[in-house]
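Undergrad: Using only what follows, build the 3D model:
(4 chains)
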There are 2 protein chains.
Amino acid sequence: MSTEPGARRRGVAETTAAIERATVELVLEHGYDGVTVDMICRAAGVSQRTFFNHFKTKDAALLGPDLPRIDERAAREFIVSDGPLLAEAVGLVRIDPSKLPGDAGLMARRIRAISGNPLLMARQMERLAEIEGELREIVELRLRQQALRAGADEAELAAIPDEAEITTHLLAGVMRYVGLTWSRRAEQGAPPPDGAEVADVLGRVLRKLA
Amino acid sequence: MSTEPGARRRGVAETTAAIERATVELVLEHGYDGVTVDMICRAAGVSQRTFFNHFKTKDAALLGPDLPRIDERAAREFIVSDGPLLAEAVGLVRIDPSKLPGDAGLMARRIRAISGNPLLMARQMERLAEIEGELREIVELRLRQQALRAGADEAELAAIPDEAEITTHLLAGVMRYVGLTWSRRAEQGAPPPDGAEVADVLGRVLRKLA
DNA sequence: ACATCCTAATGCAGTGACTGCAAGTATTGA
DNA sequence: TCAATACTTGCAGTCACTGCATTAGGATGT
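TA: Purely as a prediction, here's the structure:
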């Protein structure tokens, strides 16, 4: 169709990566609203239609295609654990590292691009909401476990779903905090917060709140 | 221009209200994605340009133009209070009741329309994020007050901003929970949750988490 | 009564995100 | 070598949204 070797000049993964890279670079340079899909397409050497074949939305090209997932093994440990719930729960959400080794730099630049725009942060958080249901179930399982071990009565058991729900929402708050701190540190080249550090702040705060 | 008495045939408020009503009704009937701005305009008897003069986005016409605001007086009480922080903080966010008396039914229908769509719920929550900064400041003031009263040392004072931040995020979680429960109840004609009820669940949960 | 100003409403033309459909071409497997 | 398959593309169209220029009523001042 074109003079170029039209189709299949590279694998799917390569095309996707090219689009991602172009998106991140352009957004860093011009800001999210200063970049059009057409600009990305030109930079990545693909048609607009191809862009939308690879990414559902312009957002997705910047945020990356990977939705957060729950780490199955961590979930099993979590359910039977007796430690600080919120702090431990943070470990449940795994940021898929399969992309990192190939392009660690891209990830860092992407974070800078995203954190520059509050709207995008919010969009990122919407994605987190997609696994909230799963999270709720796990939390409920754990609460039930503990209640049974403690010999709870029926009324206490009946209250668990509600408690699991609110806990999940609290958890979402914590994760937002972690994500924010994470990107803030990344901007300054500082190491990301580890579980212990989060648990520390969280523990102090919870003591004040209760 | 048209055969109709072109402009100024009703006050601003009336036009705005007409658009809001048309939007809610149409969304209830066809779902958010099944409704176009043009449909709303036809139903409300205005041009598309007028629609966008009254509302920045299609969302806004459904969610209502009122952003959540902080209740100043409640904030002052909150800062010096010593009660359960999270539960009390819920009272800070005021849902502007100035719209309700005129059209209580519309509000109920609007809630139904919004809660039917998870995306819209999320969008609604984004609005909450807009006052998060304000909220953070208030929380920080309160934490500082309490720390001073307790005779805290420098290290403890230095930790306060971080604690305020995470608390705000936790608070956002609680408010999401309240909003969700609220709309869920509204759907079934049940009374909305009051502060005491929220405080109750919250208290129990926090005791388990700490 | 008349000119004036202001405001709400409108038309129009354009941009940008996104979709469905119908090809076309390179790669793969039989 | 032929055919199924996988990627890619162009094209036409929809929809949200914006800027600009224009028009029509109403309110105001003299």
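Undergrad: buried sites along stretch A:69-86?
TA: A:Ala74, A:Ala75, A:Phe78, A:Ile79, A:Leu85, A:Leu86 (16 or more other Cβ atoms under 10 Å in any protein chain shown). Quick note: C-beta positions are derived from backbone N, CA and C, even for glycine.
Undergrad: Ok, stretch A:10-30 next?
TA: Quick answer for stretch A:10-30 (16+ other Cβ under 10 Å): A:15-27.
Undergrad: Now, the buried residues of stretch A:69-86 that are in strands?
TA: Using DSSP state E, no member of those falls in strands.
Undergrad: Export those to a markdown table and append columns for distance to B:Leu206 and pLDDT.
TA: Converted to a markdown table, these look like this (distance: Cβ to Cβ, whole Å; pLDDT from 0 to 100):
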| residue | distance to B:Leu206 | pLDDT |
| --- | --- | --- |
| A:Ala74 | 24 | 88 |
| A:Ala75 | 23 | 92 |
| A:Phe78 | 19 | 93 |
| A:Ile79 | 20 | 94 |
| A:Leu85 | 10 | 86 |
| A:Leu86 | 10 | 84 |
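Undergrad: Take the residues you listed and write them to JSON lines, including distance to A:Ala108.
TA: What follows is the buried residues of stretch A:69-86, written out as JSON lines (distance: Cβ to Cβ, whole Å):
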{"residue": "A:Ala74", "distance to A:Ala108": "25"}
{"residue": "A:Ala75", "distance to A:Ala108": "28"}
{"residue": "A:Phe78", "distance to A:Ala108": "29"}
{"residue": "A:Ile79", "distance to A:Ala108": "34"}
{"residue": "A:Leu85", "distance to A:Ala108": "31"}
{"residue": "A:Leu86", "distance to A:Ala108": "27"}
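Undergrad: In chain A, which residue is most central in space?
TA: With distances taken as Cα atoms, centre = their mean, A:Pro68 lies nearest the centre of chain A, 4.8 Å away.
Undergrad: Can you tell me the closest non-neighbouring residue to that one?
TA: A:Val93 (5.2 Å; Cβ to Cβ, 6 or more residues apart in numbering or on different chains).
Undergrad: Could you check the pLDDT of that neighbour?
TA: Predicted confidence (pLDDT) for A:Val93: 75.
Undergrad: Run through the bridge partners of it.
TA: A:Ile70 (DSSP bridges).
Undergrad: Contacts only, for it.
TA: A:Val93 is in contact with A:Pro68, A:Arg69, A:Ile70, A:Asp71, A:Leu128, A:Ile131, A:Leu135, A:Met175, counting by Cβ atoms under 8 Å, 6 or more residues apart in numbering or on different chains.
Undergrad: what do you get for A:Glu156?
TA: Taking Cβ under 8 Å, 6+ apart, one finds A:Ala147 in contact with A:Glu156.
Undergrad: which helix in chain A runs the most residues?
TA: Using DSSP state H, we find that the single longest helix of chain A is helix A:160-187.
Undergrad: Quick one: distance of that helix to the chain centre.
TA: Per Cα atoms, centre = their mean, to the nearest Å, the displacement of helix A:160-187 from the mean C-alpha position of its chain is 11 Å.
Undergrad: List the buried residues for it?
TA: The neighbour-count check on helix A:160-187 (16+ other Cβ under 10 Å) flags A:160, A:162-183, A:186 as buried.
Undergrad: restrict these to those near DNA strand D?
TA: Among the buried residues of helix A:160-187, no residue lies close to DNA strand D (Cβ under 7 Å from any atom of the strand).
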